[in-house]
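Novice: Quick one, structure for this:
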Amino acid sequence: MARFTTTQILLLLLMVQMPWAQADHLNSNFSATPIIAGGSQMLHHLGSQAHKHNEIFNEAVIILDAMKSSPSCNRVAATRLVESCQSVGGKHTDDAQADEHEALDRIRSMYAARLAICELDGAGASVPAPCLPITVSPPATPKFRFSFVKKSQVLDSGSDMLPKEVIENCLKALESRPQWWTSYSNNRQNAMVICQATRLEMEREELLDLHRAIVETSSKLHQGLQEALYNSALETSQHHTFLEEVRQLQMRLVEEIEGSASVTQSALHKLLRQVHAGLDRISTSVTSVMDQLHREAGTLEKEIKHTAESAHSIQETLLEMQGEAISRSQELARLHEEDTLAYRNVASLVQISLQSIVDKDVARLSQRMMTFDASLEWLNSRLVLILEQENKMTQRLQTMEVSMEQSYNRANDLQQAQQSQAKALAAQSRKQEEIRYKTQISQALLDKVTTTTANLHSMMDEATVKFKRTPGLHSGGISTWTLCLLLFILIGVQNAKMAVALFFLIFGHILATFCFHFF
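Specialist: A predicted model of the protein is given here:
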């Protein structure tokens with residue numbers, strides 16, 4: 001399906017609705033008011049589109065008038081843009097519309113790139129190498145004209161069209177600098193306006209062609225509708241005539257059926273009487289037939305007896321034939337034995353012939369087979385060597401794989417051991433910290449015990465002195481150990497911790513004294 005502009009689509013809708021409005025008015029089935037309202041809205045929309053086209057045309061004229069004072073490079077590029085835009089189009093197919101859109105886009109890009117190159121040339125800058133094929137060459141004649149309605153100078157659609165790759169390379173080169181790309185973008189906007197204004201005339205002509213086709217189609221459609229209405233009315237009248245004839249035929253059939261009912265009843269009574277008479281005749285015939293069957297059954301019994309006698313005679317004949325067959329089989333067995341002897345003789349002759357062949361040719365064949373066997377043995381040995389090498393390589397690969405797996409396992413074990421060692425070191429560090437803290441506490445307690453021991457020692461010295469000075473205690477028979485025990489109990493009652501420390505101190509003193517005397 002061809003693609004159309006907005007104006008073409010609106011005119012198409014308007015032209016399609018017009019013949020339907022005329023047909024509806026002729027048949028008095030629909031009102032023409034909605035169509036008139038829709039047509040007025042479309043005309044208003046068309047007027048706005050025409051105003052928009054005039055604005056585009058005026059804008060394009062302003063852009064082209066501004067180029068009159070530009071260098072010849074810009075004017076030649078604008079001329080080629082106008083001619084190229086006029087030369088594109090003409091076919092209303094999906095592929096043609098897609099190609100037309102792509103061609104117009106390439107033309108606008110090429111025009112914008114040419115104007116950017118013209119600005120570079122005017123500024124004295126060097127033209128990028130990828131853009132050299134797009135550079136505008138001067139026209140053959142100095143005469144310069146701008147026209148949007150004449151097509152006498154329209155170029156061929158491929159005369160000013162460069163390959164897509166060339167244009168893309170040039171655009172990449174222009175994109176490398178912001179100033180060049182800005183110039184290209186502005187010129188592309190102007191190219192869109194100029195090309196759109198140039199193609200307005202072509203769109204108007206295409207719209208007129210479309211309008212003519214729609215009018216012709218509408219007239220044909222209207223004529224077809226009139227013919228369809230006439231044929232429908234004619235068929236309706238014929239159908240009514242046929243229905244009237246069918247109704248009259250049904251009435252005649254009813255009358256004929258009612259008239260033939262009495263005739264049918266009399267015929268049925270007559271038929272019943274004939275049936276009863278026929279049944280009587282049939283019963284008489286059946287009785288006579290049964291009598292005849294009884295008589296024939298007696299005759300058949302006699303024939304069966306005769307047949308049994310014939311069968312007995314046939315059995316005797318078969319026994320005689322069996323005896324003859326046995327004698328014939330014996331004769332055939334004798335002939336078979338003779339044939340077997342002859343076959344054995346022939347087989348012995350064949351064996352002799354084969355033995356002669358073996359004596360002559362089998363020796364040479366055996367020699368060749370021996371040579372072939374030797375070749376096969378050599379090939380077998382080579383294959384065995386190859387298989388051994390392959391087995392060795394397989395074993396080495398397996399060994400290597402096992403070693404790799406063992407290394408991987410060892411690495412995993414080592415990693416686990418390192419992790420466990422790190423955990424153990426952390427735990428040991430925590431334990432050392434606890435031991436250090438407990439050591440400090442023990443040192444403080446030891447200092448306290450030492451102080452207490454010194455005080456206790458001084459107290460014991462004082463008690464000893466007092467004990468020695470007291471004469472009553474010596475004469476009473478109280479031993480030193482008893483006094484120490486009493487003192488220990490007294491201290492334990494006052495302070496249990498001091499008593500424990502004193503106990504360990506006395507025990508250590510005794511142990512040290514004992515060891516000293518022993519050694």
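Novice: what's the one helix or strand residue 256 maps to packed up against?
Specialist: Secondary structure from DSSP states H and E places residue 256 in helix 200-357. Contacts defined by 3 or more Cβ pairs under 8 Å, 6 or more residues apart in numbering; DSSP states H and E place helix 200-357 against helix 6-27, helix 33-66. Every C-beta, even on glycine, is put in place using the N, C-alpha and C of the backbone.
Novice: between these, which gets the lowest average pLDDT?
Specialist: Among the helices and strands packed on helix 200-357, helix 6-27 has the lowest mean pLDDT, at a mean of 42.
Novice: How is the protein partitioned into domains?
Specialist: Split into domains by automatic domain parsing, the chain comes to 6-232, 470-519.
Novice: what's the neighbour count on residue 210?
Specialist: Number of residues near residue 210 (other Cβ atoms under 10 Å) recorded here: 19.
Novice: any idea how far it lies from residue 282?
Specialist: Residue 210 sits 91 Å away from residue 282, going by Cβ to Cβ, to the nearest Å.
Novice: Ok, residue 274 next?
Specialist: Taking Cβ to Cβ, one finds residue 274 at 12 Å from residue 282.
Novice: go on, residue 331?
Specialist: Remark: distance between residue 331 and residue 282 (Cβ to Cβ) = 68 Å.
Novice: And residue 165, by the same measure?
Specialist: 108 Å.
Novice: what about residue 124, which SS state?
Specialist: Following DSSP: H, G, I helix; E, B strand; the rest coil, residue 124 is assigned to coil.
Novice: What of residue 127?
Specialist: Assignment for residue 127 (three-state DSSP): coil.
Novice: List the residues that contact it.
Specialist: Contacts for residue 127 (Cβ atoms under 8 Å, 6 or more residues apart in numbering) come out as 117, 120, 121, 135.
Novice: Distance of it relative to residue 78?
Specialist: 19 Å.
Novice: Over to residue 132?
Specialist: According to Cβ to Cβ, residue 132 and residue 78 sit 20 Å apart.
Novice: now residue 84
Specialist: 11 Å.
Novice: which stretches of the stretch 301-450 of the chain have low pLDDT?
Specialist: 311, 343, 347, 350, 353-365, 368, 449 (pLDDT under 70).
Novice: again, only this time at 50
Specialist: For the stretch 301-450 of the chain, no stretch has pLDDT under 50.
Novice: for the stretch 51-200 of the chain, same thing?
Specialist: Ranges of the stretch 51-200 of the chain meeting pLDDT under 50: 93-94, 139-159.
Novice: buried stuff in stretch 261-271?
Specialist: For stretch 261-271, the neighbour count (16 or more other Cβ atoms under 10 Å) marks no residue as buried.
Novice: Report the backbone C-alpha coordinates of stretch 186-194 in PDB.
Specialist: C-alpha atoms of stretch 186-194 as PDB (Å, rounded to 0.1, in the frame of the first residue of the first chain):
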ATOM      1  CA  ASN A 186      22.000  23.900  10.700                       C
ATOM      2  CA  ASN A 187      22.400  23.300   7.000                       C
ATOM      3  CA  ARG A 188      20.500  20.000   7.300                       C
ATOM      4  CA  GLN A 189      17.500  21.800   8.900                       C
ATOM      5  CA  ASN A 190      17.500  24.300   5.900                       C
ATOM      6  CA  ALA A 191      17.800  21.300   3.500                       C
ATOM      7  CA  MET A 192      14.700  19.700   5.000                       C
ATOM      8  CA  VAL A 193      12.700  23.000   4.500                       C
ATOM      9  CA  ILE A 194      13.900  23.500   0.900                       C
END
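Novice: Contact partners for residue 114?
Specialist: 73, 77, 80, 134, 135, 136.
Novice: Now name the helix or strand holding the nearest residue to the second one once chain neighbours are set aside.
Specialist: Spelled out, that is residue 77. Spatially, and ignoring its direct neighbours in sequence, residue 77 is nearest to residue 114 (4.2 Å; Cβ to Cβ, 6 or more residues apart in numbering). Residue 114 is part of helix 94-122, with elements assigned from DSSP H and E.
Novice: Mind giving me the packing neighbours of the next helix-or-strand element following that helix?
Specialist: Next along the chain after helix 94-122, taking DSSP H and E as the criterion, comes helix 164-175. Packing partners of helix 164-175 (3+ Cβ pairs under 8 Å, 6+ apart): helix 94-122, helix 178-198.
Novice: Let's have those helices in a markdown table, adding distance to residue 374.
Specialist: Below are the helices and strands packed on helix 164-175 laid out as a markdown table (distance: least, Cβ to Cβ, whole Å):
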| stretch | distance to residue 374 |
| --- | --- |
| helix 94-122 | 76 |
| helix 178-198 | 85 |
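Novice: For residue 254, which of these is the nearest?
Specialist: Smallest distance to residue 254 across the helices and strands packed on helix 164-175 (Cβ to Cβ): 66.5 Å, for helix 94-122.
Novice: Residue 132 and residue 78: which is more packed in?
Specialist: Using other Cβ under 10 Å as the criterion, residue 132 and residue 78 rank with residue 78 on top: 23 against 11.
Novice: Test my guess that the more buried one contacts residue 194.
Specialist: Yes. Between residue 78 and residue 194 a contact is recorded at 7.0 Å, counting by Cβ atoms under 8 Å.
Novice: Please export the C-alpha coordinates of stretch 235-244 as CSV.
Specialist: Taking C-alpha atoms only, stretch 235-244 is exported to CSV below (Å, rounded to 0.1, in the frame of the first residue of the first chain):
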residue,chain,number,x,y,z
GLU,A,235,-35.0,-10.7,-7.7
THR,A,236,-37.4,-9.7,-4.9
SER,A,237,-40.4,-9.4,-7.3
GLN,A,238,-39.4,-12.8,-8.9
HIS,A,239,-39.2,-14.3,-5.4
HIS,A,240,-42.7,-13.0,-4.5
THR,A,241,-44.1,-14.5,-7.8
PHE,A,242,-42.5,-17.8,-7.0
LEU,A,243,-43.9,-17.9,-3.5
GLU,A,244,-47.4,-17.2,-4.9
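Novice: Mean confidence (pLDDT) on it, please.
Specialist: For stretch 235-244, the per-residue pLDDT averages 86.
Novice: Please convert the buried members of the contacts of residue 114 into ChimeraX selection syntax.
Specialist: Entered in ChimeraX, the line below selects the buried ones among those, by 16+ other Cβ under 10 Å:
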select :73,77,80,134,136
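Novice: Closest to residue 188 out of the contacts of residue 114?
Specialist: The closest of the contacts of residue 114, once distances to residue 188 are taken by Cβ to Cβ, is residue 77, at 12.4 Å.
Novice: who touches that closest one in this structure?
Specialist: 111, 114, 115, 118, 136.
Novice: Contact partners for the fourth one?
Specialist: The neighbourhood of residue 118, defined by Cβ under 8 Å, 6+ apart, consists of 71, 73, 74, 77, 136.
Novice: do the third one as well
Specialist: Contacts for residue 115 (Cβ under 8 Å, 6+ apart) come out as 74, 77, 183, 184, 187, 190.
Novice: Tell me what angle the helix holding residue 256 forms with helix 178-198.
Specialist: 110 degrees (axes from the mean of the first three to the mean of the last three Cα atoms, to 10 degrees).
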